[in-house]
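*Asks:* Need a 3D model of the sequence below.
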Amino acid sequence: MAEMYDKLKTIELRKKHVGPSCKVFFSHDPIKIVRAKGQYMYDENGERYLDCINNVAHVGHSHPDVVRAGAKQMELLNTNSRFLHDNLVQYAQRLQATLPDKLSVCYFVNSGSEANDLALRLAWQYTGHKDIITLDHAYHGHVSSLIAISPYKFHQLGEAEQDSGVMW
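*Replies:* This next block holds a predicted model:
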């Protein structure tokens, strides 16, 4: 197991080694999460937080079925989708069976940023238009195409951002 730093050391190392565009929540007193289980995350003092932010925890953190399935797959093969493997097409087939017939093709991506960028490109291709409606304070991802359409801006710092609780 990796060495566990106190919160101030973690903050110091983050400022030194992690790019400033990778924000932390609550810059005045960031929460240092050290573990998670189910719908909860825990800080270095054992304080429990209901996780309403992470978008990868749909079934909860450390769900035993997901952990087992991930470990089983990584023991067999851990590669990208550009190689042929039955698991990929079987998953696409099972997923498509739950959708209307017109939705018969799957695009697998690695993140919400990639998914949103692909959705934007598909919409532009389909409609032939580049008009976008977005909500104030919306966040769509960290790729250039999404930052360009979002009120969230990569290199800008304004009063609203300073007061939002997000470290810029």
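
*Asks:* Give me the neighbour count for Gly46.
*Replies:* 8 (other Cβ atoms under 10 Å). For glycine as for every other residue, the C-beta is placed from the backbone atoms N, C-alpha and C.

*Asks:* what ranges do the strands span in the protein?
*Replies:* 33-37, 40-43, 48-50 (DSSP state E).

*Asks:* Of those strands, which is nearest His63?
*Replies:* The closest of these to His63 is strand 33-37. By Cβ to Cβ, the value is 9.0 Å.

*Asks:* I'd like the C-alpha coordinates of that closest one written as PDB, please.
*Replies:* The C-alpha coordinates for strand 33-37 follow below in PDB (Å, rounded to 0.1, in the frame of the first residue of the first chain):
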ATOM      1  CA  ILE A  33     -11.100  11.200   0.600                       C
ATOM      2  CA  VAL A  34      -9.200   8.100   1.600                       C
ATOM      3  CA  ARG A  35     -11.700   5.300   0.900                       C
ATOM      4  CA  ALA A  36     -15.200   4.700  -0.300                       C
ATOM      5  CA  LYS A  37     -17.800   1.900   0.000                       C
END
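
*Asks:* quick one: contacts of it?
*Replies:* Residues from elsewhere that reach strand 33-37 (Cβ atoms under 8 Å, 6 or more residues apart in numbering): 4, 41-44, 49, 51, 57, 60-62.

*Asks:* Can you list the buried residues in that strand?
*Replies:* Residues of strand 33-37 classed as buried by neighbour count (16 or more other Cβ atoms under 10 Å): 33, 36.

*Asks:* quick one: average pLDDT of that strand?
*Replies:* For strand 33-37, the mean pLDDT works out to 94.
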